[in-house]
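All I have is the shape, not the residue letters:
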């Protein structure tokens, strides 16, 4: 299967899952309010950070070693044994300090934290095994099914009155169910791992764990800091804005997840030309949806956030800033993907250390000084710093070319789209009396218009984009060249 088609399967699957999550989030925020949703977001952020301790970078290490097509089952068994041991230790720690955990979140959640930790190890092992055996095209639909299962069970439990507890239980049930399906797909053979398998995983993980911290730092550091300094309601609104912004990074995530096993395989075969080509392609399309997203958020941010309920429109203050940060982070993530793929996790370690340090310092300083908007500024600034450092180290190893032309064409198409959406919004607000009562319909219409305009313009001005689209369709179409 062509990489572009694999990426497309991953992308479509992730978007379906994100759409399901989008509607579920609207239900939760409108039913339970921003404060309860804020507690939910803080708890998941806490579980995510505790997951670093129990995983110590083993997820990427398992993918890397399994993708090399040698003794895959032995590496999976070794990773399972190590992760299980660390998970037990972390779970005991959570129970010992349950009072502090409950005080931080504002609800009695310690037992749920342990439950989420246990199910997360199972899910992460299945995810690593699917990616490591080049089954990204299978993992992606399963990920969507997991999102759907979680959303449905959570909605049912919230509907019958279980509130925050229902959200946690629904999240757990949906995750565990789809992990079981993934395990049936993998059908691993039990192999007793040897000490060399464990040491090989740790050889990679000793650098990769900072990569896990990078991801958690970008995704959750701001939420953890906000939990210390601002009310849970504002944290909930910020979490919604971040979730909406991350929705547009799905394409970058799809590229990252699809290319890593291929980069690893090509690097192991000393195919430097293909490694360079894959890196160039990743940078060309990492911002494909984020660039128009930034322009769209600047124009429609208040109405987008209002869909989640009254009072959420203040999240527009941080939405555009978060999208700028995610754009820089997405480009940086593609370069770190290359460094890890060519087995240079030591250089990725340095990049991640700079990013994590700056993100922590800036979040604490800016949130304390100027409030919740400071978290978005910190996220965007630290992502920019990480991008500069990541570019430097990747260029020392791979002679890739920055696709300035393609990125410029994406910005041109996005700005032209923005002009059309801006004019249409103000014309509609001035002439249509129903837009405030049916805000969601108005927003969806404007987003659909913007997407159509953006892709039509980009398809017209970018021969590279046209070629990429036609080459990866499952059927042949005539290609118009410029």
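Now that the structure is in, tell me what you want to look at. Keep in mind the model is a prediction, meaning the values are calculated, not measured. Numbering: from 1, shown residues only.

What residues does residue 23 make contact with?
Contacts for residue 23 (CB atoms under 8 Å, 6 or more residues apart in numbering) come out as residue 151. C-beta: built from backbone N, CA, C; applies to glycine.

Would you mind measuring from it to residue 250?
16 Å (CB to CB, to the nearest Å).

Does residue 161 belong to a helix, a strand or coil?
coil (DSSP: H, G, I helix; E, B strand; the rest coil).

Okay, now the unreliable bits of the stretch 151-300 of the chain?
Segments of the stretch 151-300 of the chain classed as low confidence (criterion: pLDDT under 70) are 205-216, 218, 252, 256-258, 260-261, 264, 268.

Now do the helices in it.
163-186, 195-229, 232-247, 250-268, 272-285, 290-306 (DSSP state H, counting those that start in this stretch).

Which positions within the shortest one qualify as buried?
Counting neighbours by 16 or more other CB atoms under 10 Å, one finds that the buried residues in helix 272-285 are 275-276, 278-285.

Could you dump those into JSON lines and include distance to residue 435?
Below are those laid out as JSON lines (distance: CB to CB, whole Å):
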{"residue": "275", "distance to residue 435": "50"}
{"residue": "276", "distance to residue 435": "49"}
{"residue": "278", "distance to residue 435": "45"}
{"residue": "279", "distance to residue 435": "45"}
{"residue": "280", "distance to residue 435": "43"}
{"residue": "281", "distance to residue 435": "41"}
{"residue": "282", "distance to residue 435": "39"}
{"residue": "283", "distance to residue 435": "39"}
{"residue": "284", "distance to residue 435": "37"}
{"residue": "285", "distance to residue 435": "34"}
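
rewinding a little: point out the one among the helices of the stretch 151-300 of the chain that comes closest to residue 368.
helix 195-229 (6.0 Å; CB to CB).

Show me what the host helix or strand of residue 423 is packed up against.
Residue 423 belongs to helix 404-431 when elements are defined using DSSP states H and E. Applying 3 or more CB pairs under 8 Å, 6 or more residues apart in numbering; DSSP states H and E, one finds that helix 404-431 makes contact with helix 272-285, helix 290-306, helix 439-461, helix 463-471.

mind running it again at 6 Å?
helix 290-306, helix 439-461 (3 or more CB pairs under 6 Å, 6 or more residues apart in numbering; DSSP states H and E).

and the last one, which residues are buried?
Read that as helix 439-461. Buried residues in helix 439-461 (16+ other CB under 10 Å): 439, 442-443, 446-447, 450, 453-455, 457-458, 461.

who touches it?
The contact list for helix 439-461 (CB atoms under 6 Å, 6 or more residues apart in numbering) reads 292, 296, 303-304, 306-307, 409, 413, 416-417, 420-421, 425, 435, 465-466.

starting at the chain centroid, how far to it?
With CA atoms, centre = their mean, to the nearest Å as the basis, helix 439-461 stands 23 Å off its chain's centre.

Tell me how many other residues crowd residue 262.
Residues near residue 262, counting by other CB atoms under 10 Å, number 18.

who's in contact with residue 37?
Contacts of residue 37 (CB under 6 Å, 6+ apart): 28-29, 236.

How about the secondary structure of it?
Quick answer, by three-state DSSP: residue 37 is helix.

Nearest spatial neighbour of it, chain-adjacent residues omitted?
Closest residue to residue 37 apart from its sequence neighbours, by CB to CB, 6 or more residues apart in numbering: residue 236 at 4.0 Å.

Give me the next element, helix or strand, following the helix or strand harbouring residue 368.
Secondary structure assigned from DSSP H and E places residue 368 in helix 345-370. For helix 345-370, the following helix or strand on the C-terminal side (DSSP H and E) is helix 373-397.

and the angle from that next one to helix 345-370?
160 degrees (axes from the mean of the first three to the mean of the last three CA atoms, to 10 degrees).

List of residues touching helix 373-397?
222, 226, 317-318, 321-322, 324-325, 328-329, 331-332, 335-336, 338-339, 347, 351, 354-355, 358-359, 362-363, 366-367.

related to what we said a few turns ago, so who does the residue nearest to residue 37 touch?
So residue 236 contacts 34, 37-38 (CB under 6 Å, 6+ apart).

can I assume residue 168 is in contact with residue 113?
No. Applying CB atoms under 6 Å, one finds residue 168 not in contact with residue 113, separated by 8.8 Å.

closest to residue 18 out of the helices and strands packed on helix 404-431?
helix 290-306 (12.7 Å).

For that closest one, buried residues please.
Quick answer for helix 290-306 (16+ other CB under 10 Å): 290-297, 299-306.

Please apply the same query to stretch 376-391.
For stretch 376-391, the neighbour count (16+ other CB under 10 Å) marks 376-387, 389-391 as buried.
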